[in-house]
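# Pasting the sequence and the predicted model now:
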Amino acid sequence: QVQLAESGGGLVQPGGSLRLSCAASRITFSLYVMKWYRQAPGMQRELVAGITNGGSTTYADSVQGRFTISRDNAKNIVYLQMNSLKPEDTAVYYCNGYRPLSGYDYWGQGTQVTVSS
């Protein structure tokens with residue numbers, strides 16, 4: 001059974017940093033586009049950042065310059081380094097893996113990030 005397992009969430013003060021990890025199992029990780037989404041209470045899920053299997057990255061305007069997505073294909077892990085965190089970054093963060101042209105699309109269970117003083 002395919003599994004995407006997020007970790008690294010928690011409570012942090014404004015201006016602080018967190019690094020989220022998403023470990024993938026039972027997929028050929030290097031073939032997947034990996035993305036991080038987030039969903040705040042009462043809001044729609046939104047794309048935060050994505051990285052292709054070739055390493056190209058994309059970011060939401062709201063996190064550009066503060067967040068960095070990266071991947072380690074040897075370890076089957078995608079990371080989201082979050083710096084200069086703001087209260088509006090508070091949300092449940094989800095990992096998504098999508099294999100282009102295949103229809104394979106998987107989600108993790110989410111990890112809570114709370115930015116508050």
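Cool, got the structure.
# can we go C-alpha only for contacts and neighbour counts from here?
Will do.
# Just say helix, strand or coil for the most centrally placed residue in the chain.
Ranked by distance to the mean C-alpha position of the chain (C-alpha atoms, centre = their mean), the top residue is Trp36 at 2.8 Å. When classified by DSSP: H, G, I helix; E, B strand; the rest coil, Trp36 comes out as strand.
# so the nearest residue to it once chain neighbours are set aside is in which element?
With sequence-adjacent residues excluded and distances taken as C-alpha to C-alpha, 6 or more residues apart in numbering, Trp36 is closest to Cys95, at 4.8 Å. Assigned by DSSP states H and E, Cys95 belongs to strand 91-99.
# From Ser117, how far off is the residue nearest to the centre of the chain?
Trp36 is 24 Å from Ser117, where distance means C-alpha to C-alpha, to the nearest Å.
# since we're on Leu101, how many residues are nearby?
By the criterion of other C-alpha atoms under 10 Å, Leu101 has 6 neighbours.
# rewinding a little: name the residues of the strand holding Cys95 that are buried.
Judged by neighbour count (16 or more other C-alpha atoms under 10 Å), strand 91-99 contains these buried residues: 91-99.
# by contact count, what packs against that strand?
strand 3-7, strand 33-39, strand 104-107, strand 111-115 (3 or more C-alpha pairs under 8 Å, 6 or more residues apart in numbering; DSSP states H and E).
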